[in-house]
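Visitor: just coords:
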């Protein structure tokens with residue numbers, strides 16, 4: 001087993017079994033729901049904005065290991081970031097999981113999110129990995145419709 005594959009399994013499974021920021025946030029000022037009908041993943045994302053910066057973010061829901069780990073890592077990654085930074089990270093993450101990642105080093109640093117690089121080899125799992133990201137976009141845009149991967 002390659003080192004990257006082992007890391008992928010370890011990080012994904014850890015965040016699935018013990019998701020970070022898995023809690024309701026009664027004082028959030030943005031909330032959105034997401035649903036992946038293909039896999040059955042459901043997520044509610046809570047965001048507390050302070051100006052154009054994400055002060056706090058959490059989630060609740062149920063889903064597969066990829067979906068839950070993605071939500072957990074999203075909360076760690078975007079906390080404290082500006083909306084512009086979040087949009088840049090979303091674009092880089094989406095390129096990574098769809099196999100369109102730039103190799104020129106000019107994209108955003110994805111940190112731990114890089115463990116999702118293997119998702120591009122399984123196109124059906126891309127929707128699992130990106131559900132919470134689409135849900136975050138919906139929350140930030142003040143959308144009331146359920147974000148979906150369809």
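Guide: Structure's in. What do you need? A quick note: this is a predicted structure, and the numbers were derived from the prediction, not measured. Numbers count the residues shown, from 1 in each chain.
Visitor: for the closest residue to residue 111 other than its chain neighbours, what are its contacts?
Guide: Nearest residue to residue 111, sequence neighbours excluded (Cβ to Cβ, 6 or more residues apart in numbering): residue 77, at 6.7 Å. Placement of C-beta: from N, CA and C, glycine included. By Cβ atoms under 8 Å, 6 or more residues apart in numbering, the contact set of residue 77 is 89, 111-113.
Visitor: Could you do residue 131 as well?
Guide: Per Cβ under 8 Å, 6+ apart, neighbours of residue 131: 34-36, 41, 43, 63, 67, 70-71, 147, 149.
Visitor: do residue 36 as well
Guide: Counted by Cβ under 8 Å, 6+ apart, residue 36 has contacts 42, 63, 67, 127-128, 131, 148-149.
Visitor: ok, it to residue 74 distance?
Guide: 15 Å (Cβ to Cβ, to the nearest Å).
Visitor: next one: residue 82
Guide: In terms of Cβ to Cβ, residue 82 sits 15 Å off from residue 74.
Visitor: Looking at these two now, which is surrounded by more residues?
Guide: residue 74 (27 against 13; other Cβ atoms under 10 Å).
Visitor: out of everything not next to it in sequence, what's closest to that one?
Guide: Per Cβ to Cβ, 6+ apart, closest to residue 74 is residue 132, 5.2 Å.
Visitor: likewise residue 96?
Guide: Residue 96 sits nearest to residue 117 (Cβ to Cβ, 6+ apart), 5.7 Å away.
Visitor: and the longest helix for this protein?
Guide: Counting residues, the longest helix found in the chain (DSSP state H) is helix 123-140.
Visitor: Tell me which helix or strand comes right after that helix.
Guide: Per DSSP states H and E, the first helix or strand lying C-terminal to helix 123-140 is strand 147-148.
Visitor: Name every strand pairing with that following strand and say which way it goes.
Guide: strand 30-36 (parallel) (DSSP bridges).
Visitor: ok, and what's touching the following helix or strand past the strand it pairs with?
Guide: Following strand 30-36 in sequence order, the next helix or strand is strand 41-50 (DSSP H and E). Residues from elsewhere that reach strand 41-50 (Cβ under 8 Å, 6+ apart): 24-25, 27-36, 54-64, 67, 71, 128, 131-132, 135-136, 139-140.
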